[in-house]
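J.: Here you go, sequence then predicted model.
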Amino acid sequence: MAEETESSYKTPSILNILSFSTSGFWSMFAWSVFGSYVFFFYEVAVGLPAIYIFLAMLLFTLWDAINDPLVGFLTDRIFKFTRKFGKRFPWIIIGILPANFVFVLLFLPPTYDASNPWVLFGWILFTTCLFDTVTTLCFVNVEALFPDKFRTDSARRKARGWGTPLSIIALPFASIIPPLIITLNNPVTYIPLAWLCVGILVTMSLLFLPGMRENKAIKDRYFISQVERVSFVTTLKSTLKQKSFVIYIVLFFGFQVVTGSLTGSIPYTVEIVLGGPNPEGDTILLFAFFLQGAMIGAIVWIFLAKKIKNNKKTAVIGGVTLTLSTLLSAFYIGLIDSLVYITILGFTMGNFWGLMTIYFADVMDERMIITKSDVRGATVGVQAFFSRLSRAVQITTFAIVHILTGFIEGQTTQTELAKLGIRLHMSVIPAIILAICTFIYWKYYPITPQIWMENKKKLKELGF
């Protein structure tokens, strides 16, 4: 792909890029802890039957289906404060401040009474919906800001080249710190973990907010691109009619299912399947080797993307290799071979961690051409919904597999059938989902290198 040349565009400084990219650390850390430990916490540590967790997450997903695109739509408006404070920055602040502290509520449930499980059901539903709402308010605007802040493909790759390591570095914090503090099946030990997480999240918030400020050029483009407001339903329909966006979302969804299933399964794997004398230590090792593979992989994939110069082809290669490595991880026998498999898995996953934002930026550029405006919020909101939907699919898969295989809540000793179920929801099921998603993307994704170049020219003609 040829690079766009804009004499008036100045790539943000490295310090500014680092500040902006710290938001990836926040998101990766918070949602990794959520995905790895929330289901396990309520099912194994607290002892709540999986069916109640599943029902709470089902309702949470229904709420999310409305919340994410609606928040994106509402925050796309031009307000009186936009010229002075920016279009995205105020909402990022309003969302991130409460999000830091709502996180702790996820691990502070009321006392569990086995005769009345609906109390915990209500708590899960309330805290997850609240946490999702405030994080959506922040990160819908972070994602919508990325294509405006980084306008050329080289600037976007540079931003991801610095940002991806920051996001991936969040994984050892999210994966290694909890086992150092908690006893996996003791709910009381999760309380200090939750407060430590709050401290980390607050620190990251203070670091990334300076990078979210919009400069005068960005603010001016908001007013150039003003168009007549249309209804939320009309905007949503228009978004879902954009073929490149819909097909991108399919691949994004498959990747998120694999990521959530892997991180959510590791506590079950070390505590129940491997069953070693030091499950917390084994958890640290598995996540550390996974991180090592992912960091090396992200660097390699970003380098390859520059050589291939075809984002669609690079994404398809990433989907195929990740599918194969996910399947491979089902065949672990002990800790040593598990470390090998998970390193390979991390390396292949580095494709999407390093380049997914660039893939999405191509779609967002086309969105601006279609609408002839800078109305991105609803589009980003739909993407955010599918990210949450993937977690709902993960939790639904866990619940169904555990019910069918006779998993006993609150117990670390399980039958061989239950152990097989853990292998299925860690590897086989998400690999099948990703394989289907990758095939659909390869077959139907419309943005080729030629179309990409044409879109860049059209954006320049429109003044974006």
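T.: It's in.

J.: Would you mind listing the buried residues in the lengthiest helix in the chain?
T.: Criterion DSSP state H: the longest helix present in the chain is helix 335-371. Under the neighbour-count criterion of 16 or more other Cβ atoms under 10 Å, helix 335-371 has 335, 338-339, 341-369, 371 buried. In this view, the C-beta of every residue, glycine as well, is placed from N, C-alpha and C.

J.: dump the residue contacts of Ile408.
T.: Residues counted as contacts of Ile408 (Cβ atoms under 8 Å, 6 or more residues apart in numbering) are Gln414, Ala418.

J.: thinking again about what came up before, give the other helices and strands that the longest helix of the chain contacts.
T.: helix 118-149, helix 153-181, helix 232-241, helix 243-268, helix 279-308, helix 311-328, helix 377-404, helix 449-462 (3 or more Cβ pairs under 8 Å, 6 or more residues apart in numbering; DSSP states H and E).

J.: Could you check the angle the last one makes with helix 335-371?
T.: Taking axes from the mean of the first three to the mean of the last three Cα atoms, to 10 degrees, one finds helix 449-462 and helix 335-371 inclined to each other by 50 degrees.

J.: What are the buried residues along helix 449-462?
T.: Result for helix 449-462 [16+ other Cβ under 10 Å]: buried residues Trp452, Asn455, Lys456, Leu459.

J.: will you turn those into a markdown table that also has pLDDT and distance to Pro98?
T.: Listed next are these as a markdown table, based on pLDDT from 0 to 100; distance: Cβ to Cβ, whole Å:
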| residue | pLDDT | distance to Pro98 |
| --- | --- | --- |
| Trp452 | 88 | 39 |
| Asn455 | 87 | 37 |
| Lys456 | 84 | 39 |
| Leu459 | 80 | 35 |
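
J.: wait, which of the residues you listed is closest to Val382?
T.: Asn455 (19.8 Å; Cβ to Cβ).

J.: Tell me how far the closest one lies from Asp365.
T.: Asn455 sits 5 Å away from Asp365, going by Cβ to Cβ, to the nearest Å.

J.: and if you look at Pro165?
T.: For Pro165, the distance to Asp365 - Cβ to Cβ - is 25 Å.

J.: Over to Trp195?
T.: The value you get for Trp195 to Asp365, if Cβ to Cβ is used, is 42 Å.

J.: cool, Leu322 as well?
T.: 25 Å.

J.: Please apply the same query to Phe81.
T.: Using Cβ to Cβ, one gets 27 Å for the distance from Phe81 to Asp365.

J.: so how far is the first residue of stretch 405-424 from its last?
T.: From the first residue to the last, stretch 405-424 extends over 11 Å; the measure is Cα to Cα, to the nearest Å.

J.: Equivalent analysis for stretch 419-439, please.
T.: This stretch, stretch 419-439, spans 30 Å end to end (Cα to Cα).

J.: What lies in contact with that stretch?
T.: 250-251, 253-255, 257-258, 261-262, 265-266, 268-269, 272-273, 316, 319-320, 322-324, 326-330, 393-394, 397-398, 401-402, 404-405, 407.

J.: in the chain, which residue is closest to the centre?
T.: Nearest to the mean C-alpha position of the chain, counting by Cα atoms, centre = their mean, stands Ser387 at 5.8 Å.

J.: give me the low-pLDDT residue ranges for the protein?
T.: Residue ranges of the chain with pLDDT under 70: 1-9, 224-232, 373-378, 463-464.

J.: Relative to its centre, which residue of it is most distant?
T.: The chain, farthest from centre, Cα atoms, centre = their mean: Ser115 at 35.8 Å.

J.: quick one: which of the buried residues of helix 449-462 is nearest Asn215?
T.: Leu459 (18.6 Å).

J.: how near is the closest one to Thr357?
T.: 17 Å.

J.: repeat for Val71
T.: On the measure of Cβ to Cβ, Val71 and Thr357 end up 20 Å apart.

J.: returning to what we had before: quick one: the longest helix of the chain to helix 232-241, angle?
T.: Going by the same axes, to 10 degrees, helix 335-371 makes 120 degrees with helix 232-241.

J.: between the helices and strands packed on helix 335-371, which one is nearest to Leu59?
T.: Leu59 lies closest to helix 118-149 among the helices and strands packed on helix 335-371, at 5.6 Å (Cβ to Cβ).

J.: for the closest one, packing partners?
T.: helix 14-40, helix 50-74, helix 89-102, helix 153-181, helix 216-224, helix 335-371, helix 377-404.

J.: Now render those as TSV, adding distance to Ala288.
T.: Shown next, in TSV, are the helices and strands packed on helix 118-149 (distance: least, Cβ to Cβ, whole Å):
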stretch	distance to Ala288
helix 14-40	14
helix 50-74	28
helix 89-102	26
helix 153-181	6
helix 216-224	39
helix 335-371	9
helix 377-404	22
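
J.: do you know which of those lies nearest Val202?
T.: Set against Val202 and scored by Cβ to Cβ, these come closest in helix 89-102, at 4.9 Å.

J.: what angle separates that closest one from helix 118-149?
T.: 150 degrees.

J.: contacts for stretch 46-59?
T.: 39, 42-43, 109, 112, 114, 117-118, 120-122, 124-125, 128, 187, 391-392, 395-396, 398-400, 402-403, 407, 409-410.

J.: If you could redo that for stretch 294-301, that was the one I meant.
T.: 164-165, 168-169, 171, 314, 318, 346-351, 353-355.

J.: if you set the cut-off to 7 Å instead, what comes out?
T.: With Cβ atoms under 7 Å, 6 or more residues apart in numbering as the contact definition, stretch 294-301 has outside contacts at 164-165, 168, 171, 318, 346-351, 353-355.

J.: quick one: which of the residues you listed is nearest Leu15?
T.: Pro165 (15.4 Å).

J.: list the contacts for the closest one?
T.: Contacts of Pro165 by Cβ under 7 Å, 6+ apart are Met295, Ala298.

J.: What distance do you get for it to Gly354?
T.: Taking Cβ to Cβ, one finds Pro165 at 9 Å from Gly354.

J.: What of Asp68?
T.: 24 Å.

J.: Please apply the same query to Glu454.
T.: With Cβ to Cβ as the criterion, Glu454 and Gly354 are 26 Å apart.

J.: Thanks again, I'm all set now.
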